[in-house]
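Novice: Below are the sequence and a predicted model for it; my questions follow.
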Amino acid sequence: DTATDTKSEDTNAAGDTIVVGFSQVGAESDWRTANTESMKTTFTEENGYTLLFDDAQQKQENQIKAVRNFIQQDVDYIVIAPVTETGWDTVLKEAKDAGIPVIIVDRMVDVSDDSLYEAWVGSNFLQEGYDAADWLAEYLDKQQRSAEDINIVTLQGTIGASAQIGRTDGVEEKMKEHTNWTMLERQTGEFTQAKGQEVMESFLKSYDDIDVVIAENDNMAFGAIDAIKAAGKTCGPNGDIIILSFDAVAAAFDSMIAGDMNVSIECNPLHGPRVAELIQKLEKGETVDKIAYVEEGIFPADTAAEIKPTRAY
Ligand code: AHR
């Protein structure tokens with residue numbers, strides 16, 4: 001839109017930096033730390049940017065406040081990693097009315113009018129859920145356990161976050177193909193290690209026949225592993241409980257190498273350069289893809305030692 005174009009041109013012509021306001025979810029996980037690092041090392045003065053960074057401590061109300069602040073400061077771009085999908089219409093409309101383009105990164109927003117943001121880049125969380133369930137089916141098959149009754153518990157992420165919704169739904173859909181799999185219980189561990197441990201402790205008190213833990217991120221899996229060990233049980237490829245997780249951060253590779261975790265489904269946090277590319281294209285008036293999914297892999301324990309040195313986060 002014209003208001004925005006004129007503003008960007010003016011700042012660039014003056015030799016100034018492009019001012020980017022970034023509203024980050026929080027610092028709840030290793031993944032999030034890697035994501036923040038990627039944004040901070042990309043949006044530097046050296047690269048022609050001024051980054052205004054806000055950590056919302058996992059609260060949407062803080063994110064909305066931050067976005068309103070960015071609007072008041074008349075930044076050139078607003079980038080949001082939204083905590084949950086809903087509740088964004090009003091503040092995004094305010095940004096649009098102010099002529100400030102918005103880029104959504106990582107999790108998605110669920111808005112009635114998709115012209116409220118320019119573009120989204122992030123993970124295909126539903127596919128990650130499918131991949132997790134398919135990996136489990138194959139693993140059980142290799143262990144000649146595909147006909148056994150399998151009891152699963154899930155540590156869910158922040159309820160209403162795309163990463164939670166997609167992973168939960170993906171696994172649930174695939175469970176229809178495995179009538180011998182039972183989901184004993186799902187509960188949120190808020191994507192944190194401490195809450196993951198706490199919820200796992202309560203699962204272990206309620207059920208003595210857990211075969212599989214699905215942790216919707218690595219940090220909750222680390223907490224679950226601590227709870228399992230404290231309860232005198234074992235996990236990982238040579239243990240009693242299969243640990244399946246998401247993100248594939250460096251510490252997950254260590255956990256797999258140590259024999260505690262069975263697999264981590266990748267979620268790539270290195271979005272800084274991807275967001276910068278979108279901004280550069282918008283600066284030139286080029287069109288950008290509205291939705292862009294990043295490519296991701298599946299990392300089981302038996303490949304962890306070999307793969308770990310090649311990982312960037
Ligand atoms: O939205 C991505 C998710 O958020 C990651 O899986 C998790 O670790 C982070 O907190």
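Specialist: Noted; the coordinates are in hand.
Novice: For the rest of this, base every contact and every neighbour count on C-alpha atoms.
Specialist: Fine.
Novice: Which residues of the chain lie near the ligand?
Specialist: Applying CA under 6 Å from any ligand atom, we find that the chain lies next to the ligand at 28-29, 31-32, 106-107, 163, 191, 217, 247.
Novice: And the helices in the stretch 1-150 of the chain?
Specialist: For the stretch 1-150 of the chain, applying DSSP state H, counting those that start in this stretch gives helices covering 2-13, 30-42, 60-72, 89-97, 125-142.
Novice: Let me have these in TSV, adding mean neighbour count and mean pLDDT as columns.
Specialist: TSV is the format used below for the helices of the stretch 1-150 of the chain (neighbours: other CA atoms under 10 Å; pLDDT from 0 to 100):
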stretch	mean neighbour count	mean pLDDT
helix 2-13	14	43
helix 30-42	19	98
helix 60-72	19	98
helix 89-97	17	98
helix 125-142	19	98
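Novice: would you list these in TSV and tack on distance to I152?
Specialist: Formatted as TSV, the helices of the stretch 1-150 of the chain follow (distance: least, CA to CA, whole Å):
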stretch	distance to I152
helix 2-13	50
helix 30-42	24
helix 60-72	31
helix 89-97	37
helix 125-142	11
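Novice: Ends of stretch 112-122, what's the gap?
Specialist: Start-to-end span of stretch 112-122 (CA to CA, to the nearest Å) is 20 Å.
Novice: I'd like to know the average pLDDT value across it.
Specialist: Confidence over stretch 112-122 (mean pLDDT, whole number) is 97.
Novice: quick one: buried residues of that stretch?
Specialist: 116-122 (16 or more other CA atoms under 10 Å).
Novice: Contacts for that stretch, please.
Specialist: For stretch 112-122, the external contacting residues (CA atoms under 8 Å, 6 or more residues apart in numbering) are 89, 92-93, 96, 101-108, 268, 271, 274-275, 278, 288-294.
Novice: same deal with stretch 193-213?
Specialist: Applying CA under 8 Å, 6+ apart, the contact partners of stretch 193-213 are 29, 150-155, 185, 187-190, 219-228, 231, 240-244.
Novice: What of stretch 48-66?
Specialist: With contact meaning CA under 8 Å, 6+ apart, stretch 48-66 is reached by 16-28, 40, 43-44, 82-84, 91.
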